[in-house]
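fold the following.
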Amino acid sequence: MWKEFKEFIARGNVIDLAVAVIIGVAFGKIVTSLVEGVIMPPIGLGLGKVDFSSLFIDLSGQHPLSLADAKAKGLPVIAYGALINDIINFLIIAFVVFLIVKAVNRLRAAPPANTKDCPRCLTAIPVAATRCAACCADL
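Here you go, the predicted structure:
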């Protein structure tokens, strides 16, 4: 069993996955910092400095002044504002990741074409070929 475990760990896939998770965590911190520190403040300013995290529904009937007050008193509340904040953060993070992936894909150069199609039979032939191997047409 120990030998099988060592073989499993030594596979390239496991190492690649571990590296991907570590890089993903670091990248996640960067994106979260970007969203919370750079993108969310202008959105909050544009929405009139609304802080969704303080929104709640009081279930006790005692009408606490704030969510912190309700939590301090141990009152039952539905804190839906935190959910709204998390949904907004998720959408912004997903959009930022989409833009980053799109930019990276644009920077990747398309591989050079190694083949071309024969104008007569449409068979793929090497770019440097002067005659088609399939139909013997001169190119």
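
what is whichever strand or helix holds K102 packed up against?
Taking DSSP states H and E as the criterion, the element that holds K102 is helix 80-107. The contact analysis (3 or more C-beta pairs under 8 Å, 6 or more residues apart in numbering; DSSP states H and E) places helix 80-107 against helix 12-34, helix 40-46. C-beta: built from backbone N, CA, C; applies to glycine.

which residue, other than its chain neighbours, is closest to the one residue sitting closest to the centre of the chain?
In the chain, the residue lying closest to the centroid (C-alpha atoms, centre = their mean) is V97, at 4.3 Å. Excluding its sequence neighbours, the residue lying closest to V97 (C-beta to C-beta, 6 or more residues apart in numbering) is V31, at 6.3 Å.

how many residues are close by the one you found?
The local packing of V31 (other C-beta atoms under 10 Å) involves 17 other residues.

ok, it - contacts?
93, 96-97, 100 (C-beta atoms under 8 Å, 6 or more residues apart in numbering).

looking at those, which one is closest to C118?
Among the contacts of V31, I100 lies closest to C118 (C-beta to C-beta), at 40.8 Å.
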